[in-house]
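Asks: predicted model follows, preceded by the sequence.
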Amino acid sequence: MTNPKYDSLQNCAERRGHRPVMLKEAVEILSPKDGLEYLDCTFGGGGHTRAILESADCRVTAVDRDPSAEDRAEELKKIFPGRFRFVRANFSEICKLQTENGYAGILFDFGVSSFQLDEAGRGFSFMRAGPLDMRMDSSKGPTALELINSLAEFELAKILREYGQERAFAKVARAIKSAAESGGLKTTLDLAKAVESALPRQNREKIHPATRAFQALRIAVNDELGEISRALPDAFGLLSRGGVLAAISFHSLEDRIVKRFFKKLAGLPEDRRDRSFAQDRVKLATLLTRKPAVPSEAETAENPRSRSAKLRAIRKD
């Protein structure tokens with residue numbers, strides 16, 4: 001069943017050249033109300049923030065560490081004066097954003113944004129020639145190339161295995177380090193070529209052979225999993241009673257952290273290996289998604305980047 005209200009929001013967002021993933025599902029589960037305050041921890045292109053603001057006469061604070069997001073936020077400040085504010089920060093720093101009555105809803109949309117992928121100079125994509133940067137905050141921290149050069153081969157292999165789930169992690173690490181040491185690793189295309197050289201063609205899957213290596217390095221450069229692990233408890237603490245915490249993840253590493261944290265809050269075993277006693281668990285929230293919501297077939301057809309998205313949510317008791 002379609003909802004004209006949310007269809008209109010999606011169409012409006014797409015006309016601005018940005019497709020927020022699972023927009024209808026995210027807004028519906030947050031269910032914005034007049035007079036309440038919401039927190040968008042991953043502003044990106046502002047699609048989710050704008051949809052929340054258009055759904056109710058509410059207030060939204062949005063957070064993003066990407067300097068370019070600040071410019072995109074200026075438009076919303078003009079459209080929603082007094083109802084929207086932007087804070088440039090890592091979302092692991094949201095504990096500083098206390099409100100008097102707490103937030104009625106908090107949203108995370110993890111991973112890299114379309115703006116970052118499409119801008120070759122950011123170095124996130126193996127489909128475009130660009131510097132090996134991959135920093136979400138381009139003003140600080142080591143670039144992907146600097147990280148590669150600083151790591152021993154076995155350390156790089158560990159990153160590829162743990163963050164990229166790359167089965168041929170040792171071969172790929174060796175090929176990348178060899179390219180770096182010979183001076184042949186300067187751009188995203190150089191990195192993709194090095195990875196391809198380590199993976200036999202007959203063993204390649206449908207995805208590009210460099211996909212896992214790029215994911216692994218991006219996660220390591222930006223400490224993405226650490227950011228998530230630190231931010232989720234703080235976000236729950238910022239919720240008002242009855243408030244909703246929702247998170248959209250794009251790969252199993254992100255989703256596993258969210259799933260385990262939400263189950264713990266709901267007083268349930270975190271996973272199959274959880275042997276804690278039921279009487280020792282404390283129920284602080286109610287799961288709103290026993291199984292994660294996923295994009296519709298129509299959305300994945302129109303926006304292939306959404307195909308791996310999973311939305312989970314809880315309500316604070």
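Replies: That came through, no problem.

Asks: give me the three-state assignment for the closest residue to residue 293 other than its chain neighbours.
Replies: Excluding its sequence neighbours, the residue lying closest to residue 293 (C-beta to C-beta, 6 or more residues apart in numbering) is residue 311, at 4.2 Å. C-betas here are computed from N, CA, C, even on glycine. Assigned by DSSP: H, G, I helix; E, B strand; the rest coil, the conformation of residue 311 is strand.

Asks: in the chain, what residue spans correspond to strands?
Replies: Taking DSSP state E, the strands of the chain run over residues 37-40, 59-64, 84-88, 103-109, 239-249, 285-287, 310-316.

Asks: turn those into a markdown table, columns for distance to residue 181 and mean neighbour count.
Replies: As requested, those are arranged in a markdown table below (distance: least, C-beta to C-beta, whole Å; neighbours: other C-beta atoms under 10 Å):
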| stretch | distance to residue 181 | mean neighbour count |
| --- | --- | --- |
| strand 37-40 | 43 | 26 |
| strand 59-64 | 36 | 24 |
| strand 84-88 | 37 | 19 |
| strand 103-109 | 38 | 27 |
| strand 239-249 | 35 | 22 |
| strand 285-287 | 49 | 18 |
| strand 310-316 | 39 | 22 |
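
Asks: would you reformat the ones you listed as CSV and include distance to residue 270?
Replies: Formatted as CSV, the strands of the chain follow (distance: least, C-beta to C-beta, whole Å):
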stretch, distance to residue 270
strand 37-40, 25
strand 59-64, 27
strand 84-88, 31
strand 103-109, 19
strand 239-249, 16
strand 285-287, 13
strand 310-316, 13
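
Asks: got a markdown table for those strands, with mean pLDDT too?
Replies: A markdown table is the format used below for those (pLDDT from 0 to 100):
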| stretch | mean pLDDT |
| --- | --- |
| strand 37-40 | 98 |
| strand 59-64 | 96 |
| strand 84-88 | 95 |
| strand 103-109 | 97 |
| strand 239-249 | 97 |
| strand 285-287 | 97 |
| strand 310-316 | 98 |
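
Asks: got the contact list for the residue lying closest to residue 158 once chain neighbours are set aside?
Replies: In space, and not counting its chain neighbours, residue 158 is closest to residue 169: 7.6 Å by C-beta to C-beta, 6+ apart. Taking C-beta atoms under 8 Å, 6 or more residues apart in numbering, we find residue 169 in contact with 157-158, 160-161.

Asks: pull the most distant pair out of the residues you listed.
Replies: Of all pairs drawn from the contacts of residue 169, the greatest distance, 7.3 Å, lies between 158 and 160 (C-beta to C-beta).

Asks: show me which of the two is the more surrounded one.
Replies: Comparing residue 158 with residue 160 by other C-beta atoms under 10 Å, the one with more neighbours is residue 160, at 26 against 17.

Asks: and the gap between the more buried one and residue 212?
Replies: Distance, residue 160 to residue 212, using C-beta to C-beta, to the nearest Å: 7 Å.

Asks: what sits in contact with each of those two?
Replies: Taking C-beta under 8 Å, 6+ apart as the contact rule, residue 160 and residue 212 both touch residue 166.

Asks: burial check on residue 182, number of neighbours?
Replies: Other residues near residue 182 number 9, with proximity taken as other C-beta under 10 Å.

Asks: that one and residue 283: what is the separation?
Replies: From residue 182 to residue 283 the distance is 57 Å (C-beta to C-beta).

Asks: give me the low-pLDDT residue ranges for the stretch 1-150 of the chain?
Replies: By pLDDT under 70, the low-scoring segments of the stretch 1-150 of the chain are 1-18.

Asks: apply 50 and report the result again.
Replies: 1-17 (pLDDT under 50).

Asks: all helices of it, in order?
Replies: 4-15, 23-30, 47-55, 67-79, 114-118, 144-150 (DSSP state H, counting those that start in this stretch).

Asks: roughly how far out does stretch 220-235 sit from the chain middle?
Replies: 10 Å (C-alpha atoms, centre = their mean, to the nearest Å).

Asks: now stretch 115-131
Replies: On C-alpha atoms, centre = their mean, the centre of stretch 115-131 falls 17 Å from the chain's centre.

Asks: list of residues touching that stretch?
Replies: Outside stretch 115-131, the residues that touch it by C-beta under 8 Å, 6+ apart are 18, 44-45, 66, 68, 72, 112, 132-136, 138, 143-145, 186-189, 191-192, 208, 210-211, 214, 218, 305.
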